[in-house]
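# Attaching a predicted model along with its sequence, questions to come.
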Amino acid sequence: MSFGQYRVSAGVALLVLALASCGGSASQEEMELLRQEVERLRAKVEQGGEENDAATAPPAILALFEQDATRSTLAGLQPGDTLAQARERFGLETRSRSWTSDGRPIFQYEWELEAGVLIRLNADGDGRLEKVGVALDGTQALNIPTLAGLRLGQETFASVREKFGATLETDLQLWGAQGLYTVAQRTPLAGAANRRLEFVYQMPEELSRAQLEQIGLEVQRNRNPAVLEPHLRDRTPFLVALEAVR
């Protein structure tokens, strides 16, 4: 829950107490006004808090995420675009690296933008993009509208499940040299053939290796992603990606 939602919820609670304490001392008109205010504040909670509490990204970042009605893009790019197009859009990359996966070379390029936004692209040897990813470092509260009704910086594990439900496929895996446990969820992108969205979350650091392995068994062997809900419900994905399905 955001600070704004907490503040509105507290307002609801106070008004409910006021209603209860007024009893017969308040006029019918006063009681009706209080009831109306309770309903107004409850509606704000359901809408995600007060509008003024929703932080937005800098204008330059928002402009990069504007949608082209003819293309399903993430930060203005999609699989099949070229590295040259990315450089034209973001400038020279901050860093790059490469590795081999299933006998295929993968080249990754990153751009560090303002407000803790990182663009991460995977391309083939010819510079053709296979995956377009956006990572948020979590240091700033952001609200970036993008494809499929997503608002980066505002989405959580729970809101992604609410939006995409049973279409999500879930994997828990070790990732990177640090041995961090992460959860990756993928879903087909509606209306875009051979495209899917990916959401990646880091499991809480306080969980023991034994707990993580037990959760992993439930997710991988028993295909039971519900065990993740208590640990990830309010967590935001650190990476959202649009990728081609091979």
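Right, received. Where do you want to start?
# where exactly do the strands run in this protein?
95-101, 104-112, 117-123, 129-136, 144-145, 151-152, 169-175, 180-188, 195-202, 239-244 (DSSP state E).
# Show residues contacting the second one.
Contacts of strand 104-112 from elsewhere in the structure, counted by CB atoms under 8 Å, 6 or more residues apart in numbering, are 83, 86, 90-91, 93-100, 118-125, 127, 130. (Glycine included, C-beta is placed from N, CA and C.)
# could you redo the strands of the chain as a markdown table and give each row mean neighbour count?
Putting the strands of the chain into a markdown table (neighbours: other CB atoms under 10 Å) gives the following:
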| stretch | mean neighbour count |
| --- | --- |
| strand 95-101 | 10 |
| strand 104-112 | 16 |
| strand 117-123 | 21 |
| strand 129-136 | 21 |
| strand 144-145 | 18 |
| strand 151-152 | 18 |
| strand 169-175 | 15 |
| strand 180-188 | 18 |
| strand 195-202 | 20 |
| strand 239-244 | 21 |
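# Which among those strands is found nearest to Gln28?
Proximity to Gln28 (CB to CB) singles out strand 151-152 among these, at 41.8 Å.
# ok, residues contacting that closest one?
By CB under 8 Å, 6+ apart, strand 151-152 touches 65, 134, 136, 142-146, 240.
# cool, and stretch 82-97?
Taking CB under 8 Å, 6+ apart as the rule, stretch 82-97 contacts 64, 75-77, 107-113, 119, 121, 123, 127-129.
# How confident is the prediction for the residue nearest to Arg120 when sequence neighbours are not counted, by pLDDT?
Sequence neighbours aside, Gly133 is the residue nearest to Arg120 in space, at 4.1 Å (criterion: CB to CB, 6 or more residues apart in numbering). You'll see Gly133 listed with a pLDDT of 98.
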